[in-house]
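Enquirer: I would like the atomic coordinates for the input below:
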Amino acid sequence: MRIKFLLFLTLTFALSCGAYKYFPKRTPKSYEEKDDVSGNVQVGLASWYGIEEHNNRAASGERFDKNQLTAAHKALPMDSIVRVTNLENGRDVIVRINDRGPFVKGRIIDLSYAAAKEVGLLGPGTVKVKVEVISTPNRDDNYFKGRYIIQVGSFKNKNNAYNLKNKLSAKFDNVDVYEYSLNSDKYYRVRLSSYNSRNDAQDEYKKLRKLGYKPTIKLE
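Expert: Coordinates of the predicted model:
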């Protein structure tokens, strides 16, 4: 009886081992692997603004209205129309570009309060999105390539900014002052603009360094 019982256990164990299959754990691919820019489609982080900025002047010159479907972008021409899709929930919204920004590293677009509400961005604050160009005032093959500028200084005092601009203009032809608002404060950036590539900006950057400035090259 004992022998039969042991044989039964051995047979049961052997059958269970033969039936077991190992299924390796699969790691799902994430859209984060595609965080790049291609053609007129851009993927990256979006944020939103509008409470403190409401009724301030946007970069387009118009009054910013947090209740309108608008957005800020660093490269697209003013009045461009884009579709923004929240890659977390699939919700999308069509907005008009009327401002510049965002001024936070790693973010590609700032949505107005109303636009952020449409795609479910208000709660998380930032989310991965896809930006697709629908139309622009002057059509271009690829706006997301951007252009490079050299920033020499940033001031709250407008006179200080223009004093530096006048000083630099004696040696450089492409100096401008870029005005922007951040958290209800107005700033004036003195810069040399613009260059098709980072390499194109390097020569002027080196000249500025020799003159004692501490410039930075940025993608506009």
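Enquirer: Lowest-scoring secondary structure element of the chain by mean pLDDT?
Expert: strand 37-38 (a mean of 38; mean pLDDT, DSSP states H and E).
Enquirer: list the helices and strands whatever helix or strand comes next after that one packs on?
Expert: Sequence order places strand 41-49 as the next helix or strand after strand 37-38, per DSSP states H and E. Secondary-structure packing of strand 41-49 (3 or more C-beta pairs under 8 Å, 6 or more residues apart in numbering; DSSP states H and E): strand 107-112, helix 113-119, strand 126-135. Every residue, glycine included, has its C-beta placed from N, CA and C.
Enquirer: Show me where the protein has its strands.
Expert: Listed from the start of the chain, the chain has strands (DSSP state E) covering 37-38, 41-49, 70-73, 81-86, 92-99, 107-112, 126-135, 148-155, 175-182, 185-195, 216-219.
Enquirer: contact partners of the second one?
Expert: Among residues not part of strand 41-49, those counted as contacts by C-beta atoms under 8 Å, 6 or more residues apart in numbering are 31, 34-37, 66, 72, 84, 86-87, 101-102, 104, 106-113, 115-116, 121-122, 125-133, 144.
Enquirer: and the end-to-end length of stretch 56-71?
Expert: 14 Å (C-alpha to C-alpha, to the nearest Å).
Enquirer: What's the mean pLDDT across that stretch?
Expert: Stretch 56-71 shows a mean pLDDT of 91 in the predicted model.
Enquirer: could we number from 532 for the rest of this?
Expert: All right, first residue 532 from here; so that's stretch 587-602.
Enquirer: which parts of it are buried?
Expert: Residues of stretch 587-602 classed as buried: 589-591, 595-597, 599-602 (neighbour count, 16 or more other C-beta atoms under 10 Å).
Enquirer: about what we covered before: if you compare the helices and strands packed on strand 572-580, which one is most tucked away?
Expert: strand 638-643 (a mean of 24; mean count of other C-beta atoms under 10 Å).
Enquirer: Understood, closing this out.
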